[in-house]
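Q: return a 3D structure for these sequence lines:
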Amino acid sequence: MNILSLIVGIYTTSFFLDYLRFWINTIVTYCKGSGLGFPKIMIVLTHKDKLRAVEVEPRRQQLFHAIEEMFSGSPLLSHLVIKDQIFVNARDKSDPEMAKIKKNIIEQAIEQPTWGQELPKCFISLELEFDSLLSRNIPLITMDHMMKINTAQPIRPLTDEELKVFLKFQHSVGRILYFDESGLDQHIILSPTHLIDAFKSIVTDRRFCEGDRLRQVSWELMSQKGVIAKKSVDDIWQKKKYKSFQKHKDYLLGVMTHLDILVEPRRYDKTHKRIPAEYFYVASMVRTKDTTEYIKSTKFVQRNIAIAFSSSSSMIPPALSFRIISYCLSIFAVKTYGQQNDEMLFHRSAVFNIDPSLDMCVNCDDEMIVVRLVHLTNRKLIMRDLASCIRECLAVALEKISQLYVKTSSTGSVINEGSFNLSLCCSSPVDPCLLPMSEHQEQDDSWICPKHRIEHTKDILSSWALQKAEITCGVACPVLDNEFLKQTPTDIHLRRLSMQYSIHETKELSIHLGMKYNIWESLYDTLGEEAERLNFEILHRCIDSSSITFDDIRKAAAIGNIQNPHTLCKVVRDKLIDFDQEPEKWDFEPSEEHFDRLAPLVGNNSLPFLIELGMEFKSWEQIRFRQKERDLVKLNRDIMQEWKSTFCKVHTIRPSLRHIGQAFNNIGKNIKIIENVLADFF
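A: Next up is the predicted model:
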């Protein structure tokens, strides 16, 4: 539960309401509750001592009436605890309304969905150890230290798995910071303010830099360019005041990078291997406005397509804007523009290079986040596959950011899907019109936006939509070939087939193939949230249990009236690519820079992409297990890296862009995407 105390009496009601709206939106956006109306936010008015006695009640009524009126009809109202209309003199502990605060806290605590949950007694002794360490001014410990504390416990030490659960639980309730990520899981921050203090030593308001020349210089550079040199961080943390941060420098900077507070630019050597950059981007510090006239450039309206993400609450907090821009900074290169080739990183907006002919413009405000793809000449040349992949990656990133990496005591994250509404956006860069994605399906033809009267054709509107190309069959259709039908499907056939059916269709198919219902139900209970994996496991079990052929699958599909027989064509039909026209460019061995550029373009097709690279399903499970967060770009990059470094070596394959191009093509992506993104390599 959150308690929000507001200063009133010295500000106008208008200022007070804007302040309140900001914090309510911020809390509800970031603090994902476990039930309807949660988290609860108690509003307490303070500074009662600034008023005369006769002014207290009118002021109380005025402010709480304004609060109710402002949130009337909004789902945010269900989060507010305001029935007692508490108004206190915070300087007077004997103020009778202080008791109301205590009463409300107790009542709301009891109503929390987690109230009454049992916790192991052995957690208590570890919590007391944390208190003891904090009392000795030890805000951060290593995992080795934690293991020693655990081993010395009088009740019984926790197992390694139980210790992880304990640390995740303590993190979820905000008592400590523990990140179960490779490179970050060997430290525990016992005092969350320690991380805040470390961050504030680097990034802070200008007035707190007065008298410190080094920090003033860093602040000026950050506010103009959005960067801070790594050497500057070293110099600042060498000072006596900040010496405690230097001891764990790599870890603290790693956490800040993990949380998108700092972003390390991608830099490469002449062989396209990644090399460390000499500075970090700090998107939250940029104060520069965009004065480049970029959006007023020639035929800009005819050259862009756009989508808008709006929060399911009524406002997007600035911190979320900074983090989505930081996320983009970690993936794409910032565009340089104008006579001075200045980087286009601004306050709550930025422009990125996707390929030599395409930019991505991200603009954030309190109402929505608008993402535009801007082609060099004409928006009709923007590839749908590329647009839909970028949409997928950004949507997943926004959901992840809004959850703030909060984990429950289980291994899963606190998921609250649908935090953002998606709309198609008109091509006008000024006050754009929106068309909700749900209404797009109802559009029979062009959409003419009401404010600007710009026509957006059906194919332009569909650019962001996920495309599923249908394969038409001819005389040589495999389903008509008896020799094909006699064959037993291999793993890659099954994995491709698992992509074609829904969970319900796979259930029907498996039962007609002889699987018992209780086996299907057991698999569904275990893997129900992972459709592709569930479908594959079901089909694999069917093949393992008896020698099932393609013909058996065809007959079972016909009996169950599941799609049509030609679905089987898709498991053996590769989409041919003429690599022979320019063989030298496709024979490149992919580098780290190639992987970084291509990873966002795989989008939400990670599993089929892995399959088409020829990797085993167990590789998918291992890579997913290592990656705790829902980050499609990182997952796709890890898949390509695993393919090159392990799979190709084991199978004596020379890795080339030819393999990746074919895999892209087989999952329905236009091969031109790779050619465009890697144009400066070819």
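Q: neighbours of Ser547, just the number please.
A: Neighbour count for Ser547, taken as other CB atoms under 10 Å: 8. (C-beta placed from N, C-alpha, C; glycine too.)
Q: identify the residues contacting it.
A: Thr488 (CB atoms under 8 Å, 6 or more residues apart in numbering).
Q: the stretch 151-300 of the chain: helices as residue ranges?
A: Residue ranges of the helices in the stretch 151-300 of the chain, as given by DSSP state H, counting those that start in this stretch, are 160-172, 192-202, 213-225, 230-237, 243-247, 249-258, 300-303.
Q: okay, these in TSV with mean neighbour count and distance to Pro317 next?
A: Output for the helices of the stretch 151-300 of the chain, formatted as TSV (neighbours: other CB atoms under 10 Å; distance: least, CB to CB, whole Å):
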stretch	mean neighbour count	distance to Pro317
helix 160-172	17	21
helix 192-202	17	17
helix 213-225	16	20
helix 230-237	17	26
helix 243-247	15	27
helix 249-258	18	19
helix 300-303	17	29
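Q: out of the ones you listed, the one nearest Val374 is which?
A: Closest approach to Val374 among these is made by helix 300-303 (5.5 Å; CB to CB).
Q: packing partners for that closest one?
A: Packing partners of helix 300-303 (3 or more CB pairs under 8 Å, 6 or more residues apart in numbering; DSSP states H and E): strand 369-375.
Q: tabulate the helices of the stretch 151-300 of the chain (CSV), appending distance to Glu530 and mean pLDDT.
A: CSV is the format used below for the helices of the stretch 151-300 of the chain (distance: least, CB to CB, whole Å; pLDDT from 0 to 100):
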stretch, distance to Glu530, mean pLDDT
helix 160-172, 21, 90
helix 192-202, 33, 88
helix 213-225, 42, 75
helix 230-237, 40, 88
helix 243-247, 40, 91
helix 249-258, 25, 92
helix 300-303, 39, 92
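Q: element containing the residue most central in space within the chain?
A: Nearest to the geometric centre of the chain sits Ala397, at 1.9 Å (CA atoms, centre = their mean). Per DSSP states H and E, Ala397 falls inside helix 384-403.
Q: Val44 now?
A: Using DSSP H and E, Val44 sits in strand 41-46.
Q: so Val81 bridges to which residues?
A: Met42 (DSSP bridges).
Q: any idea how far Lys102 is from the residue nearest to the centre of the chain?
A: Distance of Ala397 to Lys102, given as CB to CB, to the nearest Å: 41 Å.
Q: now Arg384
A: For Arg384, the distance to Lys102 equals 58 Å [CB to CB].
Q: wasn't Asp444 part of a helix?
A: No. Under DSSP: H, G, I helix; E, B strand; the rest coil, Asp444 falls outside any helix and is assigned coil.
Q: so what's it closest to, chain neighbours aside?
A: Using CB to CB, 6 or more residues apart in numbering and skipping residues adjacent in sequence, the residue nearest Asp444 is Lys458, 8.0 Å away.
Q: and that neighbour, what pLDDT?
A: Predicted confidence (pLDDT) at Lys458: the value is 78.
Q: that one: how many residues sit nearby?
A: The tally of other residues near Lys458 (other CB under 10 Å) stands at 12.
Q: ok, the one 4 residues further on next?
A: Applying the criterion other CB under 10 Å, we find 17 residues in the vicinity of Ser462.
Q: circling back to that earlier point, tell me who's in contact with the residue nearest to the centre of the chain.
A: Counting by CB under 8 Å, 6+ apart, Ala397 touches 324, 327, 631-633.
Q: hmm, 10 Å instead?
A: By CB atoms under 10 Å, 6 or more residues apart in numbering, the residues touching Ala397 are 260, 323-324, 327-328, 330-331, 629-633.
Q: which PyMOL command selects the buried ones in those residues?
A: Buried residues among the contacts of Ala397 (16 or more other CB atoms under 10 Å), as a PyMOL selection:
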select buried, resi 260+323+324+327+328+330+331+629+631+632+633
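Q: so in the chain, where's the weakest helix or strand by average pLDDT?
A: strand 2-7 (a mean of 38; mean pLDDT, DSSP states H and E).
Q: helices of the stretch 301-450 of the chain, start to end?
A: Secondary structure of the stretch 301-450 of the chain (DSSP H, counting those that start in this stretch): helices at 318-329, 384-403, 437-440.
Q: format the ones you listed as a markdown table; extra columns: mean pLDDT.
A: Below are the helices of the stretch 301-450 of the chain laid out as a markdown table (pLDDT from 0 to 100):
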| stretch | mean pLDDT |
| --- | --- |
| helix 318-329 | 88 |
| helix 384-403 | 83 |
| helix 437-440 | 79 |
